[in-house]
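Enquirer: My questions concern the predicted model and sequence given below.
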Amino acid sequence: MAAKFLIVGAGFSGCVLANRLIKQLDCTIDIIDERSHIGGNCHTSRDEETGIMVHHYGPHIFNTDKKEIWDFVNSFVEFRPYVHRVKARVDDKIFPLPINLMTINQYFGKALDPKQAKIFLSSLADHSILHPTNFEDQALAFIGKDLYRAFFYGYTKKQWGCEPRELPASILKRIPVRFNYDDNYHPHPYTGIPVEGYSAVMEKMIDSPAIKLHLNRKFFPGEQHEEYNHIFYTGPLDTFFQFCFGRLGYRTVTFERNVQDGDFQGTAQMNFCDETVPYTRISEHKHFTPWEKHDKTVYFKEYSHETTPSDEPYYPKRLDADKRILFDYRKKAATLNGFSFLGRLATYRYMDMHNVIDEALHFATTFAQAFKTGKPLPVFPNIEDSI
Ligand SMILES: Cc1cc2nc3c(=O)[nH]c(=O)nc-3n(C[C@H](O)[C@H](O)[C@H](O)COP(=O)(O)OP(=O)(O)OC[C@H]3O[C@@H](n4cnc5c(N)ncnc54)[C@H](O)[C@@H]3O)c2cc1C
């Protein structure tokens, strides 16, 4: 008899998992999502007023260095090449990001070549900081006071809602400084945007008589579902356990929508680094599809703030206290029968789309093999890097 599975969450994690499970097991799948649409936080649809494809939960650019992931997403819909070039506004001047040779030369009014720029930046760095333990020290040790104050201090303070010296040094390790003029924000070899948006990718993934999608349907913790052989949960881990060990910390984002004629800022993303500007960035969505022509434009100002129980969780904070709580939830999850947890919310990690797709692909295979052979079923995809 065919197995019956329930997947909670119709984002990339849930949809990739469903797509793969029906190929590897004799099964039917119900996917439920409490929202009124497919796509999770990657949901896109055309703005009614302007016709522009809007990324409702913030701008999303698909990028990966794995050809198999690129081929996988391209097997469902057409992606077009897109190069993300981010600009930063600092003291009413515009600079390219990530910090590169153009940023350094423009900011300091110089014409340095790569070798000279390295020496120059090293002369600005604070070499007295030998073992940086926080974000601020890491930045000062690496790029010095001027670039740090201009490009990182205000932006980081707004994004995380605290002094950068209260954040772990590990956050800055991910921000590159380039000693050439490459301002392509995502240097992965495979980068693009789906022509009809991300929700269309996921609709195609689950287009099968064996999969049924139920929108506006919430999964409540403790619900009994004896009709299913197994339940895959991609929602927030702390919600699943009714916050018994406390809430995992997240930052959230509020979007302020604006419409006008023509072109508002001439680019897809402008970061506002000054602390005095209340929003962190403005994304203008028609620039994500440069092959389309629109007379009007729609853009969104992003305000970052602390998550209240009614907000969408966006960026996991992963402070030490969060990691201790996460450890307790993971231990408790491992004692359950009939549940697996995957995706950015259930594993409490910041993950790009290519990360969740990659993980769901592998998890489906591991699960299917264990299910077929009667071996213990995997609970989490990230077993080694558990916290
Ligand atoms: C502002 C922002 C910008 C980003 N930009 C990029 C980018 O440019 N490139 C990139 O690769 N990645 C980007 N990401 C990351 C990307 O959004 C995630 O990788 C992706 O959304 C994760 O998919 P998921 O399925 O794991 O989770 P989600 O997309 O969050 O899906 C989980 C789903 O579960 C549902 N759900 C939760 N609880 C329940 C419940 N109890 N009952 C029913 N349904 C439930 C939710 O409604 C949701 O639809 C960005 C993220 C943010 C926050």
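Expert: Received, thanks. Source: prediction; values computed, not measured. Residues are numbered from 1 along each chain as shown.
Enquirer: Measure how buried Lys118 is and give me the count.
Expert: For Lys118, the count of nearby residues is 14 (other Cβ atoms under 10 Å). Every C-beta, even on glycine, is put in place using the N, C-alpha and C of the backbone.
Enquirer: ok, for it, nearest residue in space, not its chain neighbours?
Expert: Closest residue to Lys118 apart from its sequence neighbours, by Cβ to Cβ, 6 or more residues apart in numbering: Phe179 at 5.6 Å.
Enquirer: In contact with whatever residue of the stretch 51-200 of the chain ends up closest to the ligand, which residues?
Expert: Relative to the ligand, the nearest point of the stretch 51-200 of the chain is Gly58 (2.8 Å; Cβ to the nearest ligand atom). By Cβ atoms under 8 Å, 6 or more residues apart in numbering, the residues touching Gly58 are 41, 253, 255, 283, 302, 314.
Enquirer: Which of those fall in strands?
Expert: Under the assignment DSSP state E, the contacts of Gly58 contribute 253, 255, 283, 302 to strands.
Enquirer: Switch those over to a markdown table; also include pLDDT, distance to the ligand and neighbour count.
Expert: Output for these, formatted as a markdown table (pLDDT from 0 to 100; distance: Cβ to the nearest ligand atom, whole Å; neighbours: other Cβ atoms under 10 Å):
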| residue | pLDDT | distance to the ligand | neighbour count |
| --- | --- | --- | --- |
| Val253 | 96 | 6 | 20 |
| Phe255 | 97 | 9 | 16 |
| Ser283 | 98 | 9 | 23 |
| Glu302 | 98 | 8 | 21 |
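Enquirer: Now do stretch 274-285: everything it contacts.
Expert: For stretch 274-285, using Cβ under 8 Å, 6+ apart, the contacting residues are 47, 52-55, 58-59, 89-91, 153-155, 157-159, 256, 263-265, 267-272, 297-304.
Enquirer: Quick one: buried ones out of those residues?
Expert: Neighbour counting by 16 or more other Cβ atoms under 10 Å classes 47, 52-55, 59, 89-90, 153-155, 157-159, 264-265, 267-272, 297-302, 304 among the contacts of stretch 274-285 as buried.
Enquirer: Keep only those of the residues you listed that are in helices.
Expert: Mapping those onto helices (DSSP state H) picks out 154-155, 157-159.
Enquirer: helices and strands of this protein: which one has the lowest mean pLDDT?
Expert: helix 170-173 (a mean of 69; mean pLDDT, DSSP states H and E).
Enquirer: Downstream of that one, the next helix or strand is which one?
Expert: strand 190-194 (DSSP states H and E).
Enquirer: Where does the stretch 101-250 of the chain get nearest to the ligand, residue-wise?
Expert: Closest point on the stretch 101-250 of the chain to the ligand, by Cβ to the nearest ligand atom, is Gly235, at 2.5 Å.
Enquirer: count of residues packed around that residue?
Expert: 22.
Enquirer: just use 426 as the starting number from now, easier for me
Expert: Will do, 426 is the new start, and the previous item becomes Gly660.
Enquirer: thought it was touching Ala771?
Expert: Yes - judged on Cβ atoms under 8 Å, Gly660 makes contact with Ala771 at a distance of 6.4 Å.
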